[in-house]
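A.B. asks: Predicted coordinates and the sequence they were generated for:
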There are 2 protein chains.
Amino acid sequence: MTSLVIDDIYNNTLTAYAISAAWELGLLERLESSEQPVDLAGFALEQDLDAPSVEAIARGLAIAGIAVLSPGHQFATPGPLFADTWAKKGFFYWLTRGCGDLFRSMPELVRNPNRTGDYVVRDYKAIGLAARDAGFSYVDPAFYKIIADRGLRHGADLGCGSGERLIKLAGRDPEFRGIGVDFAPGAVALATDSVASAGLGDRISVVRGDATRMAYQPEFGQVDFVCCFMMGHDLWPREECLASLKLIGEAFPAATDLIICDTYRSDLPTTEQHPVFTLGFETAHAVMGQMIPSLDEWNEVLAEAGWQRADVIDFDLPPYTALMHLTRERPGA
Amino acid sequence: MTSLVIDDIYNNTLTAYAISAAWELGLLERLESSEQPVDLAGFALEQDLDAPSVEAIARGLAIAGIAVLSPGHQFATPGPLFADTWAKKGFFYWLTRGCGDLFRSMPELVRNPNRTGDYVVRDYKAIGLAARDAGFSYVDPAFYKIIADRGLRHGADLGCGSGERLIKLAGRDPEFRGIGVDFAPGAVALATDSVASAGLGDRISVVRGDATRMAYQPEFGQVDFVCCFMMGHDLWPREECLASLKLIGEAFPAATDLIICDTYRSDLPTTEQHPVFTLGFETAHAVMGQMIPSLDEWNEVLAEAGWQRADVIDFDLPPYTALMHLTRERPGA
């Protein structure tokens, strides 16, 4: 029992599982908001949870200093690492819950004969919750500022997901019009419903479409900007990305601005300290067979596709994530 | 990106997944046995694995110092933590592979309404591989010594699994006779086959039976010892365990020796350094709704059931695991 480092790696893994569980079960939030020590058995009773399991989860937090337990484990309070955990919980949730099945079954998924069809199972609901929490929202203010500064009022969101981004833009500008595009029928249905619920059916439309095969439609004619969040890497490798960007440029002939926000390849040497997310993101995409371009590779292909770099905003969280703002002369002008 | 500790917890989790994958894929063994740096792309080609995924797994090892990568990630060599990892890989495999689904879905499994039926999914093949590797074999020599010292020649193995233990005992003593008992039909079939393959069908029989409801059968009459490995905790809580032990004592009337080897509850304060396995084992069993007795609780119930403690051998690996050797006067003598 002398090799403490390897033992810590083991126990930190349990802590990661415990963070995800404690967040999903509301225990992290209770620790964050409660002014009194949290009575674990009382919390379990109130939430109809198994009390010994809640205690085990709290132990997983406590061995890492995220929580502090009273000697009999009746009560938990936030520990010295609680604030950092609270800030980064979404990344843990992405790892063990959203991609938990991918990482568990990684040794199978790496064997070439198994890499056919939809061979990867991920929990996209968990990934969505994780992404919303994990600081991707830090990105939004920078995005809104570009839209306002450039006076853009008609946007197409490729990979629109729930449609939330377009709905928010419509809420900020009463004349804003938007088109959501997504390849997943579930996302198209969800976005359509969300737009209708927001009473924005007259200003936002949602269509099914493949970002790698965009083609002009009459309703695309007035779009003045195209944005693409957290899925630009799906357009790669390079030649495919270049072709897709050209099609996008032609499909939206009036678009002067292109905004791509994505996590890029870190090329971080293994001898350097790694932040959260980076190695998880890069490993998951390797397993999924999806290359992740570096920021240089992005810059180069965007230039070749005819887009001038206006600005690149690099975020601390998520790490190695940039908002790339590109412009072009209005083709017809 | 300044909270290095929480980032390390995240990255250690990836390392744990990487250890399990590298072991299953043979990469750990290659690193252990190769006198040259391991050519990762060559290894992937040879084993028909996806090369970028193998590189990602190697990065997961390298960020923790288990492997060292050449600057371009072409080659890997064992790192300073390799020997510890090699010694403890089975515990990681138990965690992320054998119990990976349990820990991934822990937040669901903790909700009382979900805790009905067979609500826990574990990979028992992976657990078996992990257990065989994870030092449970350290236990065997102590066990064989007791059998030899006490001149025991006719054993019943409750929870016999693959039947390996009885087959080994039969190999050490040409007059040894054994009865394997297991509740799982798959184990009964496997043990029956293994015994037949070993040509021991005349000396070892395998029967389906529930260790909590043992009852005398004529073939149990000559059994002079009963053993029970890594499943004694399934007999608990206390009153059920006491009842089961009494039934076992009656079902094997000539048994003078009882040998129980099991991992017991650590009661380790969260402020102390934890070894591998302990918190994982205790958390998994909490989620499964199975209490784990402490060594004191074992001693007390065994005494009440009429067994005298002959010896308790406590192992370093697996941690908090003891081989309890008990004896009684031969009831009829």
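C.D. replies: Yep, that arrived.
A.B. asks: Which residues are in contact with residue A:248?
C.D. replies: When contacts are counted by CB atoms under 8 Å, 6 or more residues apart in numbering or on different chains, residue A:248 touches A:158, A:211, A:214, A:226, A:258. Glycine gets a C-beta too; all of them are placed from N, C-alpha and C.
A.B. asks: And for residue A:53?
C.D. replies: With contact set as CB under 8 Å, 6+ apart, residue A:53 has these partners: A:44, B:106, B:109-110, B:283, B:286-287.
A.B. asks: Can you tell me the element it falls in?
C.D. replies: helix A:51-62 (DSSP states H and E).
A.B. asks: quick revisit: can you pick the most crowded of the contacts of residue A:248?
C.D. replies: Greatest neighbour count in the contacts of residue A:248, by other CB atoms under 10 Å in any protein chain shown, goes to residue A:158: 28 neighbours.
A.B. asks: unless I'm mixing things up, residue A:54 is touching residue A:38, no?
C.D. replies: No. Counting by CB atoms under 8 Å, residue A:54 stays clear of residue A:38, with 9.9 Å between them.
A.B. asks: more neighbours, these two?
C.D. replies: residue A:54 (25 against 20).
A.B. asks: For the more buried one, which non-adjacent residue is spatially closest?
C.D. replies: What sits nearest to residue A:54 in space, not counting adjacent residues and going by CB to CB, 6 or more residues apart in numbering or on different chains, is residue A:44, at 4.4 Å.
A.B. asks: Same question for whichever strand or helix holds the one you found: list its buried residues.
C.D. replies: In the assignment (DSSP H and E), residue A:44 maps to helix A:40-47. Buried residues in helix A:40-47, counted by 16 or more other CB atoms under 10 Å in any protein chain shown: A:40, A:43-44.
A.B. asks: which helices and strands sit right next to it?
C.D. replies: With contacts taken as 3 or more CB pairs under 8 Å, 6 or more residues apart in numbering or on different chains; DSSP states H and E, helix A:40-47 sits against helix A:51-62.
A.B. asks: From residue A:175, how far off is residue A:285?
C.D. replies: Distance, residue A:285 to residue A:175, by CB to CB, to the nearest Å: 39 Å.
A.B. asks: out of those two, which sits in the busier spot?
C.D. replies: Neighbour tally, residue A:285 and residue A:175, criterion other CB under 10 Å: the higher count belongs to residue A:285, 19 against 8.
A.B. asks: tell me how far the ends of stretch A:249-256 are from each other?
C.D. replies: End-to-end span of stretch A:249-256 (CA to CA, to the nearest Å): 9 Å.
A.B. asks: Rounded mean pLDDT for that stretch, please.
C.D. replies: For stretch A:249-256, mean pLDDT rounds to 97.
A.B. asks: Need the contact partners of it.
C.D. replies: A:150, A:152, A:156, A:214-217, A:220-226, A:305-307, A:327-332.
A.B. asks: one more time with 6 Å, if that's ok
C.D. replies: If you take CB atoms under 6 Å, 6 or more residues apart in numbering or on different chains as the criterion, stretch A:249-256 is touched by A:156, A:214-216, A:220, A:223-226, A:327, A:330-331.
A.B. asks: Least confident secondary structure element in chain A?
C.D. replies: Ranked by mean pLDDT, DSSP states H and E, the weakest helix or strand in chain A is helix A:124-133, scoring a mean of 86.
A.B. asks: got the contact list for it?
C.D. replies: Contacts of helix A:124-133 (CB under 6 Å, 6+ apart): A:90, A:93-94, A:97-98.
A.B. asks: tell me which element residue A:68 is part of?
C.D. replies: Assigned by DSSP H and E, residue A:68 falls within strand A:67-69.
A.B. asks: Can you list the helices and strands that that strand packs against?
C.D. replies: Packing contacts for strand A:67-69, counted by 3 or more CB pairs under 6 Å, 6 or more residues apart in numbering or on different chains; DSSP states H and E, involve helix A:51-62, strand A:75-78.
A.B. asks: pLDDT at the spatially closest residue to residue A:198 that is not a sequence neighbour, what is it?
C.D. replies: What sits nearest to residue A:198 in space, not counting adjacent residues and going by CB to CB, 6+ apart, is residue A:167, at 5.0 Å. Reported pLDDT at residue A:167 in the predicted model: 96.
A.B. asks: and whichever helix or strand residue A:167 is part of with helix A:124-133, angle?
C.D. replies: Taking DSSP H and E as the criterion, residue A:167 maps to helix A:164-172. Counting by axes from the mean of the first three to the mean of the last three CA atoms, to 10 degrees, helix A:164-172 points 40 degrees away from the direction of helix A:124-133.
A.B. asks: follow-up on the earlier one: I'd like to know how far the residue nearest to residue A:198 sits from chain B.
C.D. replies: For residue A:167, the distance to chain B equals 29 Å [CB to the nearest CB, to the nearest Å].
A.B. asks: Residue A:196 is in contact with that residue, correct?
C.D. replies: No. Using CB atoms under 6 Å, residue A:167 is not in contact with residue A:196; the gap is 10.6 Å.
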